[in-house]
Every structure is written in C-alpha cells, then in structure tokens.
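Engineer: Got a predicted structure here, sequence first:
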Amino acid sequence: MTDKNDDSICPLCQKINRCDVKAESGCWCMNSNVPQALLAKVPDELKGKSCVCNGCIEGYYQQQAVRQYGD
C-alpha cells in the first residue's frame, strides 16, 4: 500500500503521477485541463497536494468520448 501523503502518487489510481511541480520549468500538470469530475474524486486530505496522473485524465476523456459518440 502507498503512503497517502506521497505527492508522487496519483490519488485516484495509486500509480506514479510523474508530477514535477517543484522543477524550475514546472510540470506537465500545470498546463493540463484536469476535469472537475476527476478532481471531485480526490480525497479531501490530498486535494492540492497530489496530482491526478495523465493516465487518469486521458482515461476520463476517452470514456467521455465513448459515451458521447459510441464505439
């Protein structure tokens, strides 16, 4: 089990989120549009502390496209 306060772990899927917000150049997550529906699923204690990973973001958009347009 992962440490719930580990900011390198996605709070939704528990995989590495590849966040590098502390880097001088910033992180991919700072330019990503994270859907409110995903942010709402982040546990309160991790909101603003741990980034949702790109895999969860892409998966959400793929799921929405299937719902809207079908297979």
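Structural biologist: Ah, there it is.

Engineer: which residue is nearest the middle of this structure?
Structural biologist: residue 52 (1.3 Å; C-alpha atoms, centre = their mean).

Engineer: Report the contact partners of it.
Structural biologist: 10-12, 17, 29, 34, 38-39, 42 (C-beta atoms under 8 Å, 6 or more residues apart in numbering). For every residue, glycine as well, the C-beta is placed using N, CA and C.

Engineer: Could you tell me the model confidence score at it?
Structural biologist: Residue 52 is assigned a pLDDT of 92 by the prediction.

Engineer: so it sits in a strand?
Structural biologist: No: assignment of residue 52 by DSSP: H, G, I helix; E, B strand; the rest coil gives coil, placing it outside any strand.

Engineer: you'd agree residue 39 is up against residue 47?
Structural biologist: Yes: in this structure, residue 39 is within contact of residue 47 by C-beta atoms under 8 Å, at 7.5 Å.

Engineer: Confirm for me that residue 49 is in contact with residue 6.
Structural biologist: No: Residue 49 is not in contact with residue 6 according to C-beta under 8 Å; the separation is 9.6 Å.

Engineer: For residue 16, give me phi and psi.
Structural biologist: phi -60, psi 130 (degrees, to the nearest 10).

Engineer: For it, grab the count of nearby residues.
Structural biologist: 13 (other C-beta atoms under 10 Å).
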